[in-house]
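**Q** give me the fold of what follows.
(one chain, ligands or ions: 1)
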Amino acid sequence: MVELKLETIELAEPVRGVVVATLNRPESLNSMTVTMFAELERLAFALGDDDDVRVLVLTGAGKAFCAGYDLDDADELAGLTALGMLERQEHAARSLSALRSLRIPVIAAVNGAAAGGGLSLALAADIRLASQTAKFNAAFVRIGLSAGDLGASWLLPRIIGPALASEIAYTGRFVFAEEAERTGLVNKVVPGERLLEEALAMASLICANSPGGVQLSKRALQANMEITSYAAALELENRGQALLTRGADMPEALAAFKEKRAPDFTGR
Ligand SMILES: CCCCCCCCCCCCC[C@H](O)CC(=O)SCCNC(=O)CCNC(=O)[C@H](O)C(C)(C)COP(=O)(O)OP(=O)(O)OC[C@H]1O[C@@H](n2cnc3c(N)ncnc32)[C@H](O)[C@@H]1OP(=O)(O)O
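**A** Next comes the predicted model:
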């Protein structure tokens, strides 16, 4: 278990190898503060050091996933210089980058509204499951900001396509659960009371596989979103597979297959 004392995020490990991080400011719909960004970054670094954790599930306490930046904090921003504002934005972006760069898969269990930075946070996950009450919007444009925020303008068009991403970014309208599933913004919509159960079930499926195989699959899938050529993608894949064949998990998997038993993966 990751040993961290956090103020805005509650941690649990209900299933071996799976950490559930719950954004825990339900009174303000889990809106994001400087402390929450710092704690997301600390969590990402702690998970990066823990070989026993194989999947992170991220969800929200109460009725929302995350309402984006804490608008109650907006007043204190007025006193910031332009450089101070840039430093705040960079600090927040670092925490999202640390989360997205985790070698383990991240499943966002979107339990309600994911607005503004909350959309950016959901997009930074590898997989999104949503409750029937989930709704997503680029709230940024409603309060004078840009959808170029915490990676949203890079991820959204790659997940739902440039045309719909443009519509969402410019209109600020909500994408409710049914449309989110139909457009691929989320992998699956489930009843709210089963959301965490479904996320844990998917996480358990992932945990049953070779951690090295899963982690290099994530690295290849993410890297290939940035690589422009098929040839370059093949080169990246070839290096990863060659690396895995040097590990202990592949021979263990082959032995388990022959002996008709479950493999005991160690990630080494
Ligand atoms: C002005 C911000 C400037 C930021 C500049 C840069 C800052 C420094 C760097 C930070 C980097 C991160 C930047 C971030 O990604 C940018 C954004 O996220 S911008 C978008 C901010 N979010 C919003 O605009 C969403 C506002 N909320 C809503 O639209 C709705 O509340 C909802 C989320 C769709 C949910 O709707 P409902 O279910 O109907 O709930 P209510 O509206 O009734 O709200 C319930 C309750 O929660 C309070 N609340 C809601 N959202 C926030 C919030 N973002 N911050 C604080 N509190 C929030 C709301 O006031 C209600 O409270 P109550 O009235 O009951 O006391």
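
**Q** host element of the closest residue to His91 other than its chain neighbours?
**A** Spatial nearest neighbour of His91, chain neighbours left out: Phe37 (6.0 Å); criterion: CB to CB, 6 or more residues apart in numbering. Using the backbone N, CA and C atoms, a C-beta is placed for each residue, glycine as well. Per DSSP states H and E: Phe37 is located in helix 34-48.

**Q** neighbouring contacts of that helix?
**A** 2-4, 6-9, 11, 19, 21, 23, 25, 53, 56, 73, 88, 91-92, 94-96, 98-99, 101-104 (CB atoms under 8 Å, 6 or more residues apart in numbering).

**Q** does that helix come close to the ligand?
**A** No. Using CB under 6 Å from any ligand atom, helix 34-48 never reaches the ligand; the gap is at least 7.2 Å.

**Q** ok now that helix, how far from the chain's centre?
**A** Relative to its chain's centre, helix 34-48 lies at 13 Å (CA atoms, centre = their mean, to the nearest Å).

**Q** ok, the spatially most central residue of the chain to the ligand distance?
**A** By CA atoms, centre = their mean, the chain has its centre lying nearest to Ala125, at 1.9 Å. From Ala125 across to the ligand, the span is 15 Å (CB to the nearest ligand atom, to the nearest Å).

**Q** how about that residue: what's its closest non-neighbour residue?
**A** In space, Ala125 comes closest to Ala108 once its chain neighbours are excluded; the distance is 3.6 Å by CB to CB, 6+ apart.

**Q** is that neighbour in a helix, a strand, or coil?
**A** Put simply, Ala108 is strand when judged by DSSP: H, G, I helix; E, B strand; the rest coil.

**Q** mind listing what it touches?
**A** With CB under 8 Å, 6+ apart, Ala108 has these contacts: 57-59, 65, 121-122, 125, 127-129.

**Q** for Tyr170, same thing?
**A** 141, 147 are the contacts of Tyr170 under CB under 8 Å, 6+ apart.

**Q** among the helices and strands of the chain, which has the poorest mean pLDDT?
**A** helix 74-77 (a mean of 78; mean pLDDT, DSSP states H and E).

**Q** and Arg268, how many neighbours?
**A** 10 (other CB atoms under 10 Å).
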